[in-house]
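1. The following block contains a protein sequence and its predicted model.
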Amino acid sequence: MLRGEYRAALVELRRQIHKNPGNSWAYIKASIACRRTGDTVEAIQILKQAVESIPDQKLDPVVYYNLACYFAVCEKTTESMEFLTKAFNKGYRKASSFLRDPDLNSVRDTEAFILLVKNGLQTCFRCPNCVKEISVEAALAGRCIICLSCKTRMIVPPP
């Protein structure tokens, strides 16, 4: 998409937010559109609005994860780790995101980040036989597990 298309998408996403302020994904998509136009500060503001507007139990943890990413890009380590911890505590534990997302490069070597990821990141993959999605602790990488659906034995891939 071109910048103009992201701006047009942002207008529509703002309408969706206005119509349904409890829709986490409208805020997430709007923040991504802002980020793609180069406006990380506005992306942060949109997600902060989501945090203020949506009760915590209904807020998708991706809101916190994206806030962590945007703050990391802005070199705001403390804020980034605060929201990364919230995302983690709300169940967002996708190892590939935490370990490979380039937005988190500025915080990845911090002690706070290292301690957080030691606490049970999840790796997701599909059973080669029944194609069911499987989510297990990333620490199990390289170990043999059995798919509970079809009983296929497989090795957990690295995150």
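-> Here it is on my side, so go on.
2. mean confidence score for the helix of greatest length in the chain?
-> Identified as the longest helix of the chain according to DSSP state H is helix 3-19. Averaging pLDDT along helix 3-19 yields 89.
3. next one: stretch 100-108
-> What stretch 100-108 shows for mean pLDDT is 95.
4. for stretch 55-66, same thing?
-> 96.
5. For that stretch, output the C-alpha coordinates as PDB.
-> In PDB, the C-alpha atoms belonging to stretch 55-66 read as follows (Å, rounded to 0.1, in the frame of the first residue of the first chain):
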ATOM      1  CA  PRO A  55     -12.100  -2.500  29.600                       C
ATOM      2  CA  ASP A  56      -8.900  -4.400  30.300                       C
ATOM      3  CA  GLN A  57     -10.600  -7.800  30.200                       C
ATOM      4  CA  LYS A  58     -11.900  -7.100  26.700                       C
ATOM      5  CA  LEU A  59      -8.700  -5.400  25.400                       C
ATOM      6  CA  ASP A  60      -6.800  -7.600  22.900                       C
ATOM      7  CA  PRO A  61      -3.200  -8.100  24.200                       C
ATOM      8  CA  VAL A  62      -1.900  -7.100  20.700                       C
ATOM      9  CA  VAL A  63      -2.700  -3.500  21.700                       C
ATOM     10  CA  TYR A  64      -0.100  -3.800  24.500                       C
ATOM     11  CA  TYR A  65       2.300  -5.600  22.200                       C
ATOM     12  CA  ASN A  66       2.100  -3.000  19.500                       C
END
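6. one step back: show me what the longest helix of the chain is packed up against.
-> Here helix 3-19 touches helix 24-36, going by 3 or more CB pairs under 8 Å, 6 or more residues apart in numbering; DSSP states H and E. In this view, the C-beta of every residue, glycine as well, is placed from N, C-alpha and C.
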